[in-house]
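Participant: Dropping a prediction and its sequence here:
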Amino acid sequence: MAKSNLVIVESPAKAKTIGKYLGPGYQVKASMGHVRDLPKSKLGVDVDNGFAVDYQPIKGKEEVIDELTKAAKKSDKVFLATDPDREGEAISWHLKEMLGIPDDKTYRVTFNEITKKVVNDSIAHPRAIDMDLVNAQQARRVLDRIVGYQISPLLWKKIRRGLSAGRVQSVATRLVCEREADIKAFVPQEYWSLEANLARISPNLGQFKANFYGKEKKMDLNSEAEVQAVAQAVQAAPFSVKSVKRQDKQRNPAPPFITSTLQQEASRKLNMTPRRTMSIAQQLYEGVDIEGEGTVGLITYMRTDSLRLSDEATAAAKDFILSRYGADYYPGKPRVYKTKSGAQDAHEAIRPSNVALTPEDIKKSLTAEQYKLYKLIWSRFLACQMASAVYDSVSIEVESAGYTFRATHSSLKFSGYTAVYVEGKDEEEEAFQSPLPDLKEGEPLELKGLTPDQHFTQPPSRYTEATLIKALEEKGIGRPSTYAPTISTILDREYVVKEGKNLRPTPLGEVVTGLMKDKFTDIVDTAFTANMEEQLDEVETGKVDWKSLLGQFYGGFEQELK
């Protein structure tokens, strides 16, 4: 007898993992991604007829569609188990429409993580397809199609054939171009530092270095003459300890990963491109063959801007921390991280599905890249639930001739979360100074030497993939699903090139951006693009009608086309 339940997912890897958890009675098949889309040869959107969309089957998908149609006809129930976001919802809707699945046989299920419990719970509690989510995806797809299709011919005419423009990619290219313009226009400013090498007079000659600060307030030294004036004054006057401040400083762990921060950190620490990061994360989410376990989904869904963690996840982290590190390393209660407003809170943050599966336990079953990324996600999640690190911080102020010099030193007193994870930085931080002698207020000091040093202010840094994603996110441009494709697109189109880790615009990128700024002000405007993202979010929550949004956009866009 044929299996009466059909489950459709996007990929064979996901099908294999889910099939293992569901067992007999369920047939799990893969659609291999989207089954239909807008046609490649024409616009596919009737802008004069209520934005009617002409979806076409994707070439090469005939066999898959045929197989799924037959399987759906033979099944009592069809569970559409595509990814839990707009894109996944749209794939489910397209499948239902193309395969002709009646409403009473259609069941939508989503898995935030692919574990036996979550899969079975979801199958037991299906829902209908969420048309608001589908329409948010349709609106984005149509907007992007209209922009690309209508602007590209103009670029071909004005610059060269084969060029393209897109909503988010045009803004991203503009950011890189404007940063380059800032670098070219930058005029370095001279400034000086003055370091005093000081020693105790008694009982021992512990030497240390202190940097010029100012008088009551911080004072800049902008020329050699200013430095010489300070140097002459302090060389003729005694030095003494003005104040000694010693305190414990706490440093809290970083929150768990969301899509943008995972891409940034993988770029910094693993030298992985955003596209590669998402590809490996997808493998970890969909399931990896683990020795002795079979196929296991290792992380939660990787396209998310929510910092929420389930109670089960924080409880599992607590148990692991207490057993592996001890009570001192647990803060007493779960740490809760606040998601920024506008984020989609339906998902959790990116975390391991089972924190007890340590990276070392499963290293043999993973590729080198899977291991590195899993270790990054696992460590960041565990650390976000651990106690703060405590530093012994000493700050000394030294006085001479009415001027103040400062010396600081920090040493780790309690490792806390840093036993597991330390966040990477885009800019290098100054290394901690060597330890300071045990000084008392009022204690006289001997000046051993002064070192003046000339510096010049540095131009802004070029964007890296990590810092460009951060800028796009901060400006509200794009969403978790679009950061990696946007950066891949501007590199593939050769509007931007990579030099080491840095992104530099090409002459082509600068010409295209110049033309876009001249002709299509809104399309390359960050505020306009961010507002469009907010409008798409409103479509998703049912507050805005997607066709009205398209009509409003097209009215202004049509004027710019003329």
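Facilitator: Sure, I can see it.

Participant: C-alpha only now, for contacts and for neighbours.
Facilitator: Fine.

Participant: May I see the buried residues of the longest helix along the chain?
Facilitator: As assigned by DSSP state H, the longest helix anywhere in the chain is helix 131-158. For helix 131-158, a neighbour-count test (16 or more other CA atoms under 10 Å) marks 131-140, 142-143, 145-155 as buried.

Participant: quick one: which helix or strand includes residue 68?
Facilitator: helix 62-74 (DSSP states H and E).

Participant: so for the next helix or strand after that helix, what's the average pLDDT?
Facilitator: Downstream of helix 62-74, the first helix or strand assigned by DSSP H and E is strand 77-80. For strand 77-80, mean pLDDT rounds to 99.

Participant: how many degrees apart are whichever helix or strand comes after strand 77-80 and helix 62-74 in direction?
Facilitator: Downstream of strand 77-80, the first helix or strand assigned by DSSP H and E is helix 86-99. Helix 86-99 runs at 70 degrees relative to helix 62-74, counting by axes from the mean of the first three to the mean of the last three CA atoms, to 10 degrees.

Participant: just the CA coordinates of helix 86-99, formatted as CSV?
Facilitator: Extracted C-alpha coordinates of helix 86-99, given in CSV (Å, rounded to 0.1, in the frame of the first residue of the first chain):
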residue,chain,number,x,y,z
ARG,A,86,9.2,34.2,3.5
GLU,A,87,11.1,32.3,0.9
GLY,A,88,10.2,29.0,2.3
GLU,A,89,6.5,30.0,2.7
ALA,A,90,6.5,31.1,-1.0
ILE,A,91,8.0,27.8,-2.1
SER,A,92,5.3,26.0,-0.2
TRP,A,93,2.6,28.1,-1.9
HIS,A,94,4.1,27.7,-5.4
LEU,A,95,4.2,23.9,-4.8
LYS,A,96,0.5,23.8,-3.7
GLU,A,97,-0.5,25.8,-6.8
MET,A,98,1.6,23.9,-9.3
LEU,A,99,0.9,20.4,-7.9
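
Participant: buried stuff in it?
Facilitator: 86-96, 98-99.

Participant: May I see those residues arranged in a markdown table, with pLDDT and distance to residue 361 as well?
Facilitator: As requested, these are arranged in a markdown table below (pLDDT from 0 to 100; distance: CA to CA, whole Å):
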| residue | pLDDT | distance to residue 361 |
| --- | --- | --- |
| 86 | 96 | 35 |
| 87 | 96 | 34 |
| 88 | 97 | 32 |
| 89 | 98 | 35 |
| 90 | 98 | 37 |
| 91 | 98 | 36 |
| 92 | 99 | 36 |
| 93 | 99 | 40 |
| 94 | 98 | 40 |
| 95 | 98 | 39 |
| 96 | 98 | 41 |
| 98 | 97 | 44 |
| 99 | 97 | 43 |
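
Participant: And these, which is closest to residue 408?
Facilitator: Distance to residue 408 across the buried residues of helix 86-99 (CA to CA) is lowest for residue 86, with 50.6 Å.

Participant: Surely that closest one touches residue 136?
Facilitator: Yes - between residue 86 and residue 136 there is a contact under CA atoms under 8 Å: 6.8 Å.

Participant: Please enumerate the shared neighbours of these two.
Facilitator: Common contact partners of residue 86 and residue 136 (CA atoms under 8 Å, 6 or more residues apart in numbering): none.

Participant: before we move on, back to that, now do the longest helix of the chain and helix 86-99, the angle between them.
Facilitator: 100 degrees.

Participant: chain center to helix 131-158, what's the gap?
Facilitator: 24 Å (CA atoms, centre = their mean, to the nearest Å).

Participant: Which elements pack onto it?
Facilitator: helix 86-99, helix 167-185, helix 526-540, helix 546-561 (3 or more CA pairs under 8 Å, 6 or more residues apart in numbering; DSSP states H and E).

Participant: So for that helix, mean pLDDT?
Facilitator: Per-residue scores along helix 131-158 average to 95.

Participant: Flag the shaky bits of the stretch 151-300 of the chain, pLDDT-wise.
Facilitator: 203-205 (pLDDT under 70).

Participant: Try it again at 80.
Facilitator: 202-205 (pLDDT under 80).

Participant: Only the buried residues of the strand or helix carrying residue 455, if you could.
Facilitator: Under the criterion of DSSP H and E, residue 455 resides in strand 444-456. By neighbour count with 16+ other CA under 10 Å, strand 444-456 contains the buried residues 444, 445, 446, 447, 450, 452.

Participant: Adding distance to residue 319, write the helices and strands packed on helix 131-158 out as TSV.
Facilitator: Below are the helices and strands packed on helix 131-158 laid out as TSV (distance: least, CA to CA, whole Å):
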stretch	distance to residue 319
helix 86-99	34
helix 167-185	43
helix 526-540	37
helix 546-561	46
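
Participant: just to revisit the earlier point, packing partners of the helix holding residue 68?
Facilitator: Packed next to helix 62-74, using 3+ CA pairs under 8 Å, 6+ apart, are helix 86-99.

Participant: pLDDT (mean, whole number) over the next helix or strand after the helix it packs on?
Facilitator: Next helix or strand after helix 86-99 toward the C-terminus (DSSP H and E): strand 106-108. Across strand 106-108, pLDDT averages out at 99.

Participant: Packing partners of strand 106-108?
Facilitator: Packed next to strand 106-108, using 3+ CA pairs under 8 Å, 6+ apart, are strand 77-80.

Participant: can you do 10 Å?
Facilitator: Where contact means 3 or more CA pairs under 10 Å, 6 or more residues apart in numbering; DSSP states H and E, strand 106-108 is packed against strand 5-9, strand 77-80, helix 86-99, helix 116-124.

Participant: show me where pLDDT drops low in the stretch 451-562 of the chain?
Facilitator: For the stretch 451-562 of the chain, the ranges with pLDDT under 80 are 562.

Participant: repeat that for 50
Facilitator: Across the stretch 451-562 of the chain, nothing is flagged by pLDDT under 50.

Participant: tell me the contacts of the most centrally placed residue in the chain?
Facilitator: When CA atoms, centre = their mean is applied to the chain, the residue found nearest the centroid is residue 260 (1.0 Å). Applying CA atoms under 10 Å, 6 or more residues apart in numbering to residue 260 gives the contacts 274, 302-305, 466, 469-470, 472-473, 479-484.

Participant: among those residues, which are in strands?
Facilitator: Under the assignment DSSP state E, the contacts of residue 260 contribute nothing to strands.

Participant: Show me which of these is closest to residue 42.
Facilitator: Using CA to CA, these come closest to residue 42 at residue 482, 23.7 Å.

Participant: in the stretch 151-300 of the chain, which spans are helices?
Facilitator: Using DSSP state H, counting those that start in this stretch, the helices of the stretch 151-300 of the chain run over residues 167-185, 224-235, 259-270, 274-286.

Participant: Can you verify my assumption that residue 327 contacts residue 333?
Facilitator: No - look at residue 327 against residue 333 with CA atoms under 10 Å: they stay out of range, at 11.2 Å.

Participant: for the helices of the stretch 151-300 of the chain, which one sits closest to residue 22?
Facilitator: Closest among the helices of the stretch 151-300 of the chain, using CA to CA: helix 274-286, at 14.9 Å.

Participant: And that closest one, what does it pack against?
Facilitator: helix 12-22, helix 259-270, strand 294-296, helix 368-384, helix 465-474, helix 483-492.

Participant: As a quick check, tell me the outermost residue of this structure.
Facilitator: residue 236 (54.6 Å).

Participant: what's near enough to touch it?
Facilitator: Counted by CA under 10 Å, 6+ apart, residue 236 has contacts 400, 401.

Participant: what's it sitting at in phi/psi?
Facilitator: phi -90, psi 0 (degrees, to the nearest 10).
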